[in-house]
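**Student:** Whatever this is, show me its structure:
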Amino acid sequence: MTAPLIMVAPNGARRGKADHARLPITLDEMLAEASACRAAGADALHLHVRNADGTHSLDAGRYREALDELARAVPDMAVQITTEAAGVYSPAEQYACLDALRPPWASVSLREIARDPDLAPRLYALAADQGIRLQHIAYDRADLELLARSRAAGIIRAEQDEVICVLGAYAPPRAGRPEDLDALAPALVGLRLGLCAFGAQEQDCLLDGARAGAEILRVGFENNLLSPDGTPWPDNAAAVASLGHHLERKAA
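**Tutor:** Residues are numbered from 1 along each chain as shown. Prediction:
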């Protein structure tokens, strides 16, 4: 069995320094964190950029600068941008970000894009035409059912088969549990699975996901700040290194 790819999500859209002093906000902090996480074993980076005031941003200029600097700092690390609305951006603004950047890889929330049924087909067509690798974000079984309907209707192409399932939730706070994946399993047939999880059972969820055939395991402060014993991780790199260590032990 091919070893799953480890992706780090160092900051997300919502958390800040008040949540953890080592959560990266500025570009310089993100570059340092990416380098440390790559050295710790992360294969890929899930990138969020922030405005000058630290809030979530889909600004194409900020993204371009970050992507250029990351290519220099960690040239062998894959980078995936997010198009997450986070309660701030409209589907049209999400589309505009993707269209302006046309990145190699992007994550897209199924439910967020579905807010504009006329625009959704254009977004998935843009990705297909421009060779943008999409990872669909699914927060629950309803999102996976939406994905199935969209694929059956030809809105989402057959080859756009990559999904990341989010176990647990940020608000209201709900920790993910390994058994949460079991309820989603019937809707995952024929899809390439990625996984992330909120809460201190993050690592257990990801290791169970690896056993279930997940190709991408996403770890980091976007979803969770706590080690399995409930104490805070010192930084994202520590979470990456621990996951990699346990994956090696499971494979042995």
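**Student:** shaky segments in this structure?
**Tutor:** The chain contains residues with pLDDT under 70 at 1, 249-252.
**Student:** Strands along the stretch 1-150 of the chain, start to end?
**Tutor:** Here the stretch 1-150 of the chain has its strands, by DSSP state E, counting those that start in this stretch, at 5-8, 44-47, 49-50, 56-57, 78-82, 105-109, 133-138.
**Student:** Could you pull up the residues touching Asn11?
**Tutor:** Contact analysis of Asn11 by Cβ atoms under 8 Å, 6 or more residues apart in numbering lists Leu23, Pro24, Ile25, Met30, His48, Arg50, Gly220, Phe221, Glu222. Every residue, glycine included, has its C-beta placed from N, CA and C.
**Student:** Return the member of these nearest to Ala92.
**Tutor:** Ranked by distance to Ala92 (Cβ to Cβ), the contacts of Asn11 are led by His48 at 19.8 Å.
**Student:** and that closest one, what are its phi and psi?
**Tutor:** Main-chain torsions, His48, degrees, to the nearest 10: phi -110, psi 140.
**Student:** unless I'm mixing things up, Thr83 is touching Ala96, no?
**Tutor:** No: at 9.8 Å, Thr83 does not count as touching Ala96 under the criterion of Cβ atoms under 8 Å.
**Student:** These two: who's more crowded?
**Tutor:** Using other Cβ atoms under 10 Å as the criterion, Thr83 and Ala96 rank with Thr83 on top: 24 against 15.
**Student:** Give the burial count for the closest residue to that one other than its chain neighbours, as a bare number.
**Tutor:** Distances taken as Cβ to Cβ, 6 or more residues apart in numbering put Gln94 closest to Thr83, at 4.5 Å, once the chain neighbours are dropped. Neighbour count of Gln94, defined by other Cβ under 10 Å: 24.
**Student:** Contacts only, for Gln94.
**Tutor:** Contacts of Gln94 were listed using Cβ under 8 Å, 6+ apart, and they are Leu58, Thr83, Ala85, Val108, Glu112, Ile113, Leu123.
**Student:** The first one: what's it in contact with?
**Tutor:** Shown here is Leu58, whose contacts under the criterion Cβ under 8 Å, 6+ apart are Val49, Thr83, Tyr89, Glu93, Gln94, Cys97.
**Student:** give me phi/psi at the third one?
**Tutor:** Main-chain torsions, Tyr89, degrees, to the nearest 10: phi -110, psi 150.
**Student:** Out of the strands of the stretch 1-150 of the chain, which is closest to Pro232?
**Tutor:** Shortest distance between Pro232 and the strands of the stretch 1-150 of the chain, using Cβ to Cβ, is found for strand 5-8: 16.3 Å.
**Student:** ok, and what's touching the closest one?
**Tutor:** Residues from elsewhere that reach strand 5-8 (Cβ under 8 Å, 6+ apart): 33-34, 37, 41-46, 78, 80, 194, 215-220, 236, 239-240, 243-244, 247.
**Student:** which ones are touching Gly230?
**Tutor:** Counting by Cβ under 8 Å, 6+ apart, Gly230 makes contact with Ala200.
**Student:** Oops, could you answer that again for Glu162 instead?
**Tutor:** So Glu162 contacts Arg133, Leu134, Gln135, His136, Leu191, Arg192, Gly194 (Cβ under 8 Å, 6+ apart).
**Student:** So what's the residue count around Gly87?
**Tutor:** Residues within reach of Gly87, counting by other Cβ under 10 Å, total 10.
**Student:** I meant to write Arg133 there.
**Tutor:** Counted with other Cβ under 10 Å, Arg133 comes out at 15.
**Student:** was I right about it contacting Val108?
**Tutor:** No: shown here, Arg133 and Val108 do not form a contact pair, counting by Cβ under 8 Å, at 10.7 Å.
**Student:** Identify the contacts common to these two.
**Tutor:** With Cβ under 8 Å, 6+ apart, Arg133 and Val108 have common neighbours Ala127.
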